[in-house]
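Engineer: One predicted model, sequence on top.
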Amino acid sequence: MNTFERIAPQARTTTHEGYMPGFGNDFETEALAGALPIGRNSPQRCPYGLYAEQLSGSPFTAPRVANERSWLYRMRPTVQHFGPMEKLALPLWRSAPVVGEADTPPLPMRWGPVPIPGEALDFVTGMRTVCAAGDVHTHAGSATHLYHVTRSMEDTYFYNADGEMLVVPQVGALSFFTEMGVIDIAPGEIAILPRGLKFKVRLVDEAARGYVCENYGAKFTCPERGPIGANCLANPRDFLTPVAAYEDKDGTPCRLIVKWGGAFHASEIAHSPLDVVAWHGNYAPYKYNLRHFSPVGPVLFDHADPSIFTVLTAPSGEPGTANVDFVIFPPRWLVAENTFRPPWYHMNIMSEFMGLIEGVYDAKPEGFVPGGMSLHNSMLPHGPDYDAFMKGSFSPDAPHKLDNTIAFMFETLFPQHLTRYAAELPSFQADYPKVWAKLEKNFDPARPVWDGD
C-alpha cells in the first residue's frame, strides 16, 4: 500500500443504540426513511402525508444561544389530541404556592423511605408532592415530588405544561415513551422531560420509586465550568437524546392528561398522541448516567464548595443564583491533607432537598438511608452528625476512597414549604435534630491543640 492509498472505513460500534449523544445539540432523526423534510421546515406537503408542527421551549425572539425549538412531523397535529376536557382530581400532586398548607418549622427535617403502596398507581397517579416554592403561574420556583409506580401507562398519556421534569429513579427501572423517542432509565441515571412533551411511562421492573424535581423556571442546562476549563463534571457527550419512534394506534380509547396552571384535565381521544415519525431541533428529552460524572476536588488542603458537583442548573434572573441546581455526591477520592473532609457545618441562603439513591452519605452515616430524604431550608443550620464529625476529625490523614454512594440535592433560592402529605408521613423523623446532640464544647484555652481526649 503506497502513502496515498486509503483504508476503507469500518463500521463504528455504537454504545448508544437508540440515542444520539451530546448536550444542547441540534439533532435530526426519522423513524421512517424520507419522513424528514430536507432544507426546509414546513413544506407545502410533508412526506407521507404528515403534519409539520413546531414545539417551542423559548420565546421566538430569545437569543440564538437560548432559543429552543423542535420541528415535529406527525400523523395528526396536536389540536386533534383534545376532546372535551374534564377536571381530574390528583390531590397529592401539588403545585406552588403551597404556603400554609402545613406547618413548616424552622428546623432541619428528615424522612425515612416511603414504602411503595400495594395499590395500582402509574407515574401520574403515584406522584406525591413533598415541598414546593415559588409560583407555578409566574414560571418561578419548583416542586419536589416522590413517585411510586406499580402499573404501566398503556393507553394513558400525559404532558406537563407547567414545567420540565427531572426524574431520579431510586428503585426500579422505567421506560418513557415520548413523542420524540424512547428513554429507558434505571437507578443511577436521570431523565429530563421538557415542558409540553407528551409521554407515557412503562414499568420495566415489578415496581418503581424515585424523586422528581418539577422546574417551573428556565430550563436546566449544564453549569459554566469557569476556571475548571473545558472538561470534567458532566461532559456533553454523555447526555443521550432518543432517536425518533412513533406509535400508530387508531380506534383505541386513549386518555390524555394535561397539567396546566397547577390543575389536571383529561381528554378522551381515539388515537395515540405519540405519532411523531420524524423531528429535528434542540428542544428534546434526554437522559444521563450519573456514574459518568467526572468530579473534581481539592488535591492539597481545605474543602471545595459543593457547587463543584453540579450536574445541571436552571438559572434565575440573578447571575450566579439558581432557580434550581441539581447536585450529586458520587464516589470519589478524598485526599486533602490536614483537612476536615466531610461537608462542613453551615447555614445557606439556598434551600437544600437531599435524597439518597444508594449506599451511605458520608455526613450522615446513620438514619439517612437509600430512598430517604432531608430538607435543610434557607438559613437553617446543618452539617455532619456526631459520628461523622469524630471520624472526620481523627481519621488517618491519608487518601481515602469514598465508595458505594450516590446522593443528590435539589438546591434552590426559594424557601421550601411542606405539603400536608409530607408533614403527615409516618417516616418523618421528628428526632432528627438529635443527631447533633452529642457534640460537646471542646474549647480549652490551656490546650491549643485538641487531641480528642
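Structural biologist: Yep, that arrived.
Engineer: Would you map out the domains in this structure?
Structural biologist: Domains of the chain are assigned by automatic domain parsing as 19-37+46-57+64-290, 295-436.
Engineer: How far off centre is the shortest one?
Structural biologist: Its chain's C-alpha centre lies 17 Å from the corresponding centre of domain 295-436 when counted by C-alpha atoms, centre = their mean, to the nearest Å.
Engineer: May I see the domains of the chain organised as JSON lines, with distance to Phe443 added?
Structural biologist: All C-beta spots, glycine's among them, are computed from the backbone N, C-alpha and C. Conversion of these to JSON lines gives the following (distance: least, C-beta to C-beta, whole Å):
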{"stretch": "domain 19-37+46-57+64-290", "distance to Phe443": "24"}
{"stretch": "domain 295-436", "distance to Phe443": "14"}
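Engineer: And these: which comes nearest Asp444?
Structural biologist: Asp444 lies closest to domain 295-436 among the domains of the chain, at 15.2 Å (C-beta to C-beta).
Engineer: Just put the domains of the chain in JSON lines and tack on mean pLDDT.
Structural biologist: As requested, those are exported to JSON lines (pLDDT from 0 to 100):
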{"stretch": "domain 19-37+46-57+64-290", "mean pLDDT": "96"}
{"stretch": "domain 295-436", "mean pLDDT": "94"}
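Engineer: looking at those, which is closest to Asp451?
Structural biologist: domain 295-436 (8.8 Å).
Engineer: Can I get the one helix or strand Ala314 maps to as PDB, trimmed to CA atoms?
Structural biologist: Secondary structure assigned from DSSP states H and E places Ala314 in strand 310-315. Presented in PDB, the C-alpha positions along strand 310-315 are these (Å, rounded to 0.1, in the frame of the first residue of the first chain):
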ATOM      1  CA  THR A 310     -23.500  20.500  40.000                       C
ATOM      2  CA  VAL A 311     -24.700  18.300  37.100                       C
ATOM      3  CA  LEU A 312     -27.400  20.700  35.800                       C
ATOM      4  CA  THR A 313     -28.600  24.200  36.700                       C
ATOM      5  CA  ALA A 314     -31.800  26.100  36.000                       C
ATOM      6  CA  PRO A 315     -30.800  29.700  36.200                       C
END
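Engineer: Could you point out the helix or strand that follows it?
Structural biologist: Per DSSP H and E, the helix or strand that comes after strand 310-315 is strand 322-329.
Engineer: in stretch 165-185, what's buried?
Structural biologist: Buried residues in stretch 165-185, counted by 16 or more other C-beta atoms under 10 Å: 165-172, 174, 176-185.
Engineer: I meant stretch 184-198, not that one.
Structural biologist: Counting neighbours by 16+ other C-beta under 10 Å, one finds that the buried residues in stretch 184-198 are 184-185, 187-198.
Engineer: What of stretch 111-126?
Structural biologist: Buried residues in stretch 111-126 (16+ other C-beta under 10 Å): Trp111, Gly112, Pro113, Val114, Ile116, Leu121, Asp122, Phe123, Val124, Thr125, Gly126.
Engineer: What is the burial count for the nearest residue to the third one once chain neighbours are set aside?
Structural biologist: Read it as Pro113. Computed as C-beta to C-beta, 6 or more residues apart in numbering, the closest residue to Pro113 that is not its neighbour in sequence is Gly371, at 3.1 Å. By the criterion of other C-beta atoms under 10 Å, Gly371 has 21 neighbours.
Engineer: thinking again about what came up before, hmm, who's touching the strand holding Ala314?
Structural biologist: 142, 166, 190, 192, 215, 217-223, 233-234, 288, 290, 293, 321-328 (C-beta atoms under 8 Å, 6 or more residues apart in numbering).
Engineer: Quick one: work out the angle between it and strand 322-329.
Structural biologist: Relative orientation of strand 310-315 and strand 322-329, computed by axes from the mean of the first three to the mean of the last three C-alpha atoms, to 10 degrees: 170 degrees.
Engineer: count of neighbours near Gly83?
Structural biologist: Applying other C-beta under 10 Å, we find 13 other residues in the vicinity of Gly83.
Engineer: Give the helix, strand or coil label for the residue nearest to it when sequence neighbours are not counted.
Structural biologist: Using C-beta to C-beta, 6+ apart and skipping the chain neighbours, the partner closest in space to Gly83 is Ser267 (4.7 Å). With DSSP: H, G, I helix; E, B strand; the rest coil as the basis, Ser267 sits in strand.
Engineer: Tell me if I'm right that Ser267 and Leu88 touch.
Structural biologist: No - counting by C-beta atoms under 8 Å, Ser267 sits too far from Leu88 to count as a contact (9.9 Å).
Engineer: Next up, the contacts around Ala66.
Structural biologist: Applying C-beta under 8 Å, 6+ apart, one finds that Ala66 lies in contact with Ser58.
Engineer: And for the closest residue to Glu189 other than its chain neighbours, the neighbour number?
Structural biologist: Using C-beta to C-beta, 6+ apart and skipping residues adjacent in sequence, the residue nearest Glu189 is Asn289, 5.1 Å away. Using other C-beta under 10 Å, Asn289 is surrounded by 15 other residues.
Engineer: can you pull the contacts of Asn289?
Structural biologist: Asn289 sits next to Gly188, Glu189, Asp238 when contact means C-beta under 8 Å, 6+ apart.
Engineer: In strands only, show me those.
Structural biologist: The strands, defined by DSSP state E, take in Glu189 from the contacts of Asn289.
Engineer: so can I have CSV of the contacts of Asn289 showing distance to Ser427?
Structural biologist: Conversion of these to CSV gives the following (distance: C-beta to C-beta, whole Å):
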residue, distance to Ser427
Gly188, 23
Glu189, 25
Asp238, 34
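Engineer: how about the strands in the stretch 201-350 of the chain?
Structural biologist: In order along the chain, the stretch 201-350 of the chain carries the following strands (DSSP state E, counting those that start in this stretch): 208-215, 239-242, 250-260, 263-271, 276-281, 286-289, 310-315, 322-329, 332-334.
Engineer: between those strands, which gets nearest to Glu440?
Structural biologist: Glu440 sits nearest to strand 332-334 of all these, at 25.1 Å, using C-beta to C-beta.
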